[in-house]
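Visitor: sequence plus the predicted model coming up.
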Amino acid sequence: MKRTKLSLGLLLLVGLTLAGCSSSKESANKINSETSKLTVYTTIYPLQDFAEKIGGEFVDVESIYPPNVDAHSFEPSTKDMMKLAEADLFIYSGAGIEGFAEKAEKALKNEKVSIVKAAENVEMIESSHKHSHEGDAAHSDDEHHDDDAAHSDKEHHDDEAVHSDEEHHDHEAAHSDEEHHDDEVAHSDDEHHDDEAAHSDDEHRDDEAAHSDEEHHDGDAAHSERHHDQNLDPHVWLDPIRSIKLASNIKDSLIELMPDRQQEFEQNFAQLEKELKELDNEFKDVIDQAEHKHLLVAHEAYGYWENRYGIIQIAVNGLSPTQEPSQKELTNLIEEAKEHDLKYIAFEQNVSSRVAEMIQKEIGAETVTLYNLESISTEDIKNEEDYFSLMRKNLQTLEKVLN
């Protein structure tokens with residue numbers, strides 16, 4: 001609750017501060033016009049990289065994320081919001097990972113900055129942690145209580161082992177807010193409000209009520225209006241093919257702001273699209289030839305590799321690194337890792353997990369690194385890494401782990 005109050009307080013402060021930005025904004029527009037450059041801010045790293053590659057010499061692009069940040073928990077400072085207000089373009093994924101984005105969009109609505117959701121109309125998938133009753137469209141509360149006869153907090157959490165916390169919230173819409181927080185024992189009120197992007201419980205339920213069961217369970221449907229649903233995997237940029245649509249949306253936004261450079265932007269996008277298709281083929285080749293497909297990871301960020309390439313992701317934490325497993329889930333994870341004789345566990349440089357470290361010690365696994373690309377490190381920046389070099393490092397890791 002404390003974090004939510006701080007976030008709302010930040011919005012009030014930013015709103016007052018932005019009121020005096022119009023003259024500065026006019027100045028910024030003149031500078032951009034004279035230098036033929038657009039000032040662009042992004043969130044997750046791939047959006048920054050794609051914008052730089054497409055915009056070329058006509059853009060100045062910067063991410064508001066500091067190096068190595070966990071995108072799921074980032075909150076912008078007042079200084080960050082001021083930067084966004086002064087920009088020509090703010091690009092965020094809109095896939096549900098940027099908890100602050102909707103608040104920022106409201107705070108910036110009277111500014112001249114263009115705001116683009118890069119994942120607009122990108123097909124998203126559901127969490128790979130499927131509900132045991134997912135095919136049952138009715139699934140009333142009565143049926144749920146029948147399945148979970150004792151329905152203690154612990155028993156409920158254990159029986160629903162394959163749920164992410166947000167899937168539980170979707171299926172348990174009729175539960176009171178108190179029951180919701182009891183079931184999500186590992187989550188503080190702060191985390192709940194972060195994931196819900198400052199929505200009230202009533203607003204959240206209003207949003208969810210508009211979804212039919214068919215829409216909710218259609219993991220491959222276009223969810224452009226429902227990206228806030230945390231049952232959907234937001235890590236779309238890890239799929240090279242879906243990244244083409246991200247890049248296309250970025251290209252269109254640059255053309256809209258600088259139409260006289262359309263030819264250059266189209267050419268740069270065409271080259272980027274070609275490279276993304278080549279990367280997709282490289283992933284297919286490596287994974288098709290792998291000895292096995294099981295991948296033990298600290299964070300459930302790799303569902304799109306499951307969806308496109310057929311790997312089997314065994315994740316310690318959920319779609320957000322804060323979604324830790326129950327004791328029963330933990331036991332099942334260890335048993336599954338031993339069953340498949342998994343010798344590696346993949347950690348991420350921007351996310352730490354005590355539970356994953358415990359599993360690593362329990363099964364005697366070697367640690368490797370995967371790049372979820374939410375943000376990159378200072379060292380990566382120094383070494384001039386980009387989306388493709390880091391994705392190919394991921395590919396090298398997969399080649400090692402799956403053989």
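Guide: That came through fine.
Visitor: C-alpha from now on. contacts and neighbour counts both.
Guide: Noted.
Visitor: buried stuff in stretch 258-278?
Guide: Residues 258, 262, 264-266, 268-270, 272-273, 276 are the ones in stretch 258-278 that count as buried (16 or more other Cα atoms under 10 Å).
Visitor: I'd like the residues you listed written out as a markdown table, with distance to residue 364 and pLDDT added.
Guide: Shown next, in a markdown table, are those (distance: Cα to Cα, whole Å; pLDDT from 0 to 100):
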| residue | distance to residue 364 | pLDDT |
| --- | --- | --- |
| 258 | 55 | 96 |
| 262 | 54 | 96 |
| 264 | 52 | 97 |
| 265 | 50 | 98 |
| 266 | 50 | 99 |
| 268 | 46 | 99 |
| 269 | 45 | 99 |
| 270 | 46 | 99 |
| 272 | 41 | 99 |
| 273 | 41 | 99 |
| 276 | 36 | 99 |
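Visitor: looking at those, spot the one nearest residue 69.
Guide: Nearest to residue 69 among the buried residues of stretch 258-278, counting by Cα to Cα, is residue 276 at 24.9 Å.
Visitor: which residues touch the closest one?
Guide: With Cα atoms under 8 Å, 6 or more residues apart in numbering as the criterion, the residues that contact residue 276 are 240-241, 243-244.
Visitor: buried ones only from these, please, as a PyMOL command.
Guide: Only the buried entries of the contacts of residue 276 go into this PyMOL selection, using 16+ other Cα under 10 Å:
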select buried, resi 240+241+243+244
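Visitor: among the contacts of residue 276, which lie within strands?
Guide: Judged by DSSP state E, strands contain none of the contacts of residue 276.
Visitor: doesn't residue 91 belong to a helix?
Guide: No. Secondary structure of residue 91 (DSSP: H, G, I helix; E, B strand; the rest coil): strand, not part of a helix.
Visitor: tell me the bridge partners for it.
Guide: As for beta bridges, residue 91 partners with residue 42, residue 116 under DSSP bridges.
Visitor: that one: neighbour count?
Guide: Neighbourhood size, residue 91 [other Cα atoms under 10 Å]: 25.
Visitor: now do the strands in the stretch 51-200 of the chain.
Guide: For the stretch 51-200 of the chain, the strands defined by DSSP state E, counting those that start in this stretch cover 59-63, 89-92, 114-117.
Visitor: so residue 92 sits against residue 43, correct?
Guide: Yes. The pair residue 92 / residue 43 is scored as a contact, 5.3 Å apart, by Cα atoms under 8 Å.
Visitor: ok, back up a step: list just the nearest of the contacts of residue 276 to residue 291.
Guide: Taking Cα to Cα as the measure, residue 291 lies nearest residue 240 of the contacts of residue 276, at 22.8 Å.
Visitor: next, format the contacts of residue 276 as TSV and append pLDDT and distance to residue 328.
Guide: TSV is the format used below for the contacts of residue 276 (pLDDT from 0 to 100; distance: Cα to Cα, whole Å):
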residue	pLDDT	distance to residue 328
240	99	35
241	99	36
243	99	36
244	99	39
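Visitor: now the contacts of residue 276 as TSV including distance to residue 337?
Guide: Converted to TSV, the contacts of residue 276 look like this (distance: Cα to Cα, whole Å):
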residue	distance to residue 337
240	28
241	30
243	31
244	34
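Visitor: counting by contacts, list what the host helix or strand of residue 49 packs against.
Guide: Assigned by DSSP states H and E, residue 49 belongs to helix 45-55. If you count contacts as 3 or more Cα pairs under 8 Å, 6 or more residues apart in numbering; DSSP states H and E, helix 45-55 packs onto strand 59-63, helix 240-257, helix 262-288, helix 387-401.
Visitor: could the ones you listed be laid out in TSV, adding distance to residue 311?
Guide: Shown next, in TSV, are the helices and strands packed on helix 45-55 (distance: least, Cα to Cα, whole Å):
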stretch	distance to residue 311
strand 59-63	31
helix 240-257	15
helix 262-288	7
helix 387-401	10
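Visitor: buried residues, stretch 346-356. List them.
Guide: Using 16+ other Cα under 10 Å as the test for burial, stretch 346-356 gives 346-351, 353, 356.
Visitor: from those, which ones fall inside helices?
Guide: Taking DSSP state H, the ones among these that sit in helices are residue 356.
Visitor: shouldn't residue 313 be within a strand?
Guide: Yes. Counting by three-state DSSP, residue 313 falls inside a strand.
Visitor: excluding its backbone neighbours, what's nearest it?
Guide: Spatial nearest neighbour of residue 313, excluding adjacent residues (Cα to Cα, 6 or more residues apart in numbering): residue 295 at 5.0 Å.
Visitor: the one you found reaches residue 310, doesn't it?
Guide: No. Using Cα under 8 Å, residue 295 is not in contact with residue 310; the gap is 10.7 Å.
Visitor: higher neighbour count, these two?
Guide: Of the pair residue 295 and residue 310, residue 295 is the one with more neighbours under other Cα under 10 Å, namely 23 against 15.
Visitor: gap between that one and residue 243?
Guide: According to Cα to Cα, to the nearest Å, residue 295 stands 22 Å off from residue 243.
Visitor: what's the answer for residue 398, then?
Guide: The value you get for residue 398 to residue 243, if Cα to Cα is used, is 20 Å.
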